[in-house]
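**Student:** Fold the following and give me the result.
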Amino acid sequence: MLGKLNHIAIAVPDIKAAAKQYKEIFGAKVSEVVEQPDHGVSTVFIDLGNTKIELLEELGEDSPISNFVAKNPKGGMHHICIEVEDINTAIEKLNEHEVAITGTGKPKIGAHGKPVVFLHPKDCNGTLIELEEV
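**Tutor:** So this is what the prediction gives:
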């Protein structure tokens, strides 16, 4: 069911400063900041060739990463994203095995314009996992 690692997401308190560090110190290919109002975050993607790092910054008062940033004011790893061929087939299998999907349990369109779901950390060894359809 699982495909390749798409990205590792890091929540940061200052996305422009974090992006600048990856670009100027590490020499990475860094995207522009993109606001994702439907997700309550701003994002930057850092292309590593074989995968990406996604930087996340709170966008608005109701950002879903607000609690995480409050507990980790300097930032930290927020989630990993793994690709799947068919998100609906993945959801069916997860439901069969009682793996909790956050929110409504139905896919929504993610930052790459593709359907995504997030799996609750309590059922995934303490890690928030995003599944993204390829």
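
**Student:** Now do the helices in the chain.
**Tutor:** Assigned by DSSP state H, the chain shows helices spanning 15-20, 66-71, 87-96.

**Student:** Looking at those, spot the one closest to F118.
**Tutor:** helix 87-96 (11.1 Å; Cβ to Cβ). Heads up, the C-betas are built off the backbone N, CA and C, glycines and all.

**Student:** list the buried ones in that closest one?
**Tutor:** Under the neighbour-count criterion of 16 or more other Cβ atoms under 10 Å, helix 87-96 has I87, A90, I91, L94 buried.

**Student:** contacting residues around that helix?
**Tutor:** By Cβ atoms under 8 Å, 6 or more residues apart in numbering, the residues outside helix 87-96 that reach it are 1, 84, 101, 105-107, 115-117, 119, 131-133.

**Student:** Are any of those residues buried, and if so which?
**Tutor:** Among those, those classed as buried by 16+ other Cβ under 10 Å are V84, I101, P107, P115, V116, V117, L119, L131, E132, E133.

**Student:** Mind checking which of these are in strands?
**Tutor:** In this view, those that belong to strands under DSSP state E are V84, P115, V116, V117, L119, L131, E132, E133.

**Student:** Name the nearest of those relative to E57.
**Tutor:** V116 (18.5 Å).

**Student:** gap between that closest one and C124?
**Tutor:** Using Cβ to Cβ, to the nearest Å, one gets 15 Å for the distance from V116 to C124.

**Student:** now N72, nearest residue through space, not along the chain?
**Tutor:** Closest residue in space to N72, ignoring its immediate chain neighbours: A11 at 6.8 Å, by Cβ to Cβ, 6 or more residues apart in numbering.

**Student:** The one you found: neighbour count?
**Tutor:** Neighbour count for A11, taken as other Cβ atoms under 10 Å: 25.

**Student:** Check whether it really touches G76, as I assumed.
**Tutor:** Yes. Contact criterion Cβ atoms under 8 Å: A11 and G76 qualify, at 6.2 Å.

**Student:** list residues touching both of those two?
**Tutor:** By Cβ under 8 Å, 6+ apart, the residues touching both A11 and G76 are F68.

**Student:** can you pull the contacts of A9?
**Tutor:** Neighbour list for A9: I53, E54, L55, L56, M77, H78, H79, I80, C81, E130 [criterion: Cβ under 8 Å, 6+ apart].
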